[in-house]
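Q: Coordinates for the following, if possible.
(chains A, B and C)
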Amino acid sequence: MDKLVLIDGNSIAFRAFYALPLLTNSSGTYTNAAYGFTMMLMKVLEEEKPSHVLVAFDAGRTTFRHDTYQEYKGTRDKTPGELSEQLPLIKEVLDAFGVRHFELDRYEADDIIGTLAKQGDADGMAVRIVTGDKDLLQLVTDRISILMTRKGVTDAERYDKQAIRDKYGLQPEQIVDLKGLMGDNSDNIPGIPGVGEKTALKLLHQFETVEGVLDHIADLPGKKLKERVEEHQEQARLSKELATIYCEVPLDFSLQDLAYRDIERNRVAPVFKRLEFKTLLDRIQTDEPQQEAKKTKDVPYRQVTNDNAHQWESLLEADELALFVEKTAPNYHRADVLGIALSDGEEQLYVPLETAKEWKALTDWLADENKKKIAYDIKGTQIALRRHGLASAGYDFDVLLASYVINASESGHELSDIVERKLDGSLPEDDAVYGKGAKRKQLEGEELAAHLANKVHALTSLKPVLDDELRTYQLDALFYDLEMPVTHVLTEMEWIGVKVDKRQLRALGDELQERLNELTTTIYQLAGTEFNINSPKQLGEILFDKLGLPVLKKTKTGYSTSADVLERLAPQHEVVEQILHYRQVGKLISTYVEGLLKEMTAAEDKIHTRFQQATTATGRLSSTDPNLQNIPIRLEEGRRIRQVFVPAEPEWVIVSADYSQIELRVLAHLSQDEGLMEAFAKGMDVHTKTAMDVFGVDAEGVTSLMRRHAKAVNFGIVYGISDYGLSQSLNITRKEAAAFIERYFASYPGVKQYMDDVIRQAKTEGYVTTMLHRRRYLPDINSRNYNLRSFAERTAMNTPIQGSAADIIKQAMVEMQRVLQVEGLNSRLLLQVHDELIFEAPQTEVDVLSERVVQVMEGAVELSVPLKVDVSAGKTWYEAK
DNA sequence: ACCCTCACG
DNA sequence: ACGTACGTGAGGGTA
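A: The predicted model follows:
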């Protein structure tokens, strides 16, 4: 049977607030009420297992009751700020739980609850009302009962008709009569002075209702009582009216809209993390697996040895096999191979590395491009094998990439995560098998073989499921024609690596270190004390406590000392500028000099980054260990880091080709805005053109300030504009920013129309798409939480732009690799940095390479505006600008 | 493990 | 009244 749980939000929050000490989390936010409320919520959900849930809140201060009685709740103290500021947190928790909450102007939570309780009762549902307010007892029927909080937070007592009879000797409907006679201090309901609970109950037992008592004033015991009742008849009637819950609140939703499903840990966990509900976090994370009692069944396997290998050769004839290569660490450029497993879906083979190397049938199978292979992370698999001298080809399905293409935003794309989502049963997580952190151990023998057998078998089960899903959502072209080919291009890029001039890098490091030492001395002098400049905490104390500089911005944990704050403080104290410079130099040393030195190979002085192809929500790549997509360029001092990136061969050069304004061109294409398309068609400087349109001047009239502002607006448009964001970036007021945005949209109505359309599409479909049909789901787009919703709206505007640009350069990479191959060029693609490709090339090939790369990149897709690519070459990455 | 800060597009 | 520009990864400090 359906069960409806109605929670009196303010009442429970109030109770939690006073039951718990005034806790704060590390950011100084009070969380005790939210914490207690959440405990109560979880307890109720667990114990009642409702099919429908709603939490009702009081809306404003005035309600329809104030129309008849202005003093209603007049004695009540204002809700403390420490409590009211927690109400949004509570609502956030509810959103994460997927529990509806509601409040309505002029009505109290009680009335909303009453209205829905009656509806539920009429529909034959069991109704549970959770509150600390005894008024609600009047709603009890055979099907409606109340969980009344007692002491503490989660301790509650259940009231049904019998319990009310036992306690008061009354029917539930008589609770309002009780209030009518005795009043209620907390709501400032007067009742009849001098009549308390005892007298009221006695009267009601005899005369049943307020009206009954008033009809029999003559029969009342005691002269004083008679007088009081006589005198306060109207007040008693009014008090009863005030205490009566109004059960016909106009609601714009139905009971069916309150349907509640089980909690999704993935949505709740981040909220708990942020609020620092550690115990509750543990509870949701450990509870679930135990409850589900995962059906983990080890699949059978055979271990291949040098002696028995020949027995298994027939398996290698299969049309398609899954291949899983287990590594000793995630970084396959360094890790060793632990073992290899194969599966045809029925039989699993475990082959120790040394056996694999000597088993010719296997090495032939690996290298044969006609022998199809399913793998998880083809790129890592192929490189790990190659490092052990094992060539491999014929990969036709990457489970990792398929999972990513289906839904990039899913919380994890580890094999165990994918199995959890797409198959019944589960795969033990690597962390559980190997242990985590210090407890990590090397597996061997049977244990390792069994684990790998489970993994490789999972690949065979996953492929048909994922392939089917790719086709269902028309993502198969994106997967097979783009992401799969891209992974092969990236394999070669990573494998080749980038050469670094180690001596020069060390020299640069020494020079920077000297500079840093000088800065340190100066800063200590100017500050009058020595401290750790790298510690934002200590730095904050020096700047704001000791030197008394104004606090312009705070972070969750204290003073903000970020660059934009320091820049504004610089005129007030000369130490600030030194600190900014110190930060800059320190970053160069630790991240770039030391960071890069750590990643260089001993044999070749090369760096092999890993391009993550299944990480970003938009379809971009990212780069790790080290990140070669954020090498400094904006400031000259940092830009010099690029001097150490050199060609791997003598007489070769670095060639860089980058798209000019690809995101705004994509926007022009997607929006079909006339003005924007015209700007690109005529080859204009787009920021200047924007300045002309927004400020209504001709090309000569555009000042550098106007262009700077127009440029920021263009950035904002791409990011999903907000007046606040623009005001921050330009250091102007929000009003001024809003005016810019309005003028921009007036000048480019097509862009405005597009932004509205894409948000509307996201709201109705739940996702947005890129030019090559990549999808991004936006679960918060219809959230009632303003912040979540706004964020989703900006994402809806940004993702088709950023994601389509990512699609385009990926397409160009695939085509470029093909062109280099068929034309027999020796030039090699080394890096991709979102809108640019970096090659190393023999000096002799520079001209032909430049010509080809422009052709390929500009022709990667057909847009309504031209794509433009700039190329340059130099002896180092620094000079290729 | 998390926060702050900062490097890139 | 609310509070955020979009997408990333890395290093150092702190709890």
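Q: Can you list the residue ranges for strands in the stretch 551-700 of chain A?
A: Assigned by DSSP state E, counting those that start in this stretch, the stretch 551-700 of chain A shows strands spanning A:554-555, A:558-559, A:606-607, A:610-612, A:622-624, A:645-646, A:652-659.
Q: mind checking how far A:Gly725 is from A:Glu514?
A: From A:Gly725 over to A:Glu514 the distance is 39 Å, taken as Cβ to Cβ, to the nearest Å. Placement of C-beta: from N, CA and C, glycine included.
Q: Kindly report the same for A:Asp417.
A: For A:Asp417, the distance to A:Glu514 (Cβ to Cβ) stands at 48 Å.
Q: Same question for A:Trp652.
A: Per Cβ to Cβ, A:Trp652 is found 32 Å from A:Glu514.
Q: who's more crowded, these two?
A: A:Trp652 (22 against 11; other Cβ atoms under 10 Å).
Q: surely the more buried one meets A:Val846?
A: No - counting by Cβ atoms under 8 Å, A:Trp652 does not reach A:Val846; the two are 9.4 Å apart.
Q: With adjacent residues omitted, what lies nearest to the closest residue to DNA strand C within the stretch 251-400 of chain A?
A: With Cβ to the nearest atom of the strand, the shortest gap between the stretch 251-400 of chain A and DNA strand C falls at A:Asn331, namely 9.7 Å. Among residues not flanking A:Asn331 along the chain, A:Asp625 sits closest, at 5.6 Å (Cβ to Cβ, 6 or more residues apart in numbering).
Q: And the pLDDT at the one you found?
A: What the model reports as pLDDT for A:Asp625 is 96.
Q: Counting neighbours, what do you get for it?
A: Neighbours of A:Asp625 (other Cβ under 10 Å): 17.
Q: Would you agree it is in contact with A:Thr609?
A: Yes - counting by Cβ under 8 Å, A:Asp625 touches A:Thr609, with 6.5 Å between them.
Q: Spit out the residues that contact those two alike.
A: Between them, A:Asp625 and A:Thr609 share these contacting residues under Cβ atoms under 8 Å, 6 or more residues apart in numbering: A:Glu599.
Q: Give me the helix or strand of chain A that scores worst on average pLDDT.
A: Scoring the helices and strands of chain A by mean pLDDT, DSSP states H and E places helix A:278-292 at the bottom, with a mean of 60.
Q: so where do the strands sit in the stretch 251-400 of chain A?
A: Ranges of strands within the stretch 251-400 of chain A are A:302-303, A:320-327, A:337-343, A:348-352, A:372-375, A:395-398, based on DSSP E, counting those that start in this stretch.
Q: Now tabulate these in a markdown table and tack on distance to A:Val697, mean neighbour count and mean pLDDT.
A: Converted to a markdown table, the strands of the stretch 251-400 of chain A look like this (distance: least, Cβ to Cβ, whole Å; neighbours: other Cβ atoms under 10 Å; pLDDT from 0 to 100):
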| stretch | distance to A:Val697 | mean neighbour count | mean pLDDT |
| --- | --- | --- | --- |
| strand A:302-303 | 78 | 17 | 95 |
| strand A:320-327 | 60 | 24 | 97 |
| strand A:337-343 | 65 | 24 | 96 |
| strand A:348-352 | 72 | 23 | 97 |
| strand A:372-375 | 58 | 22 | 98 |
| strand A:395-398 | 53 | 22 | 98 |
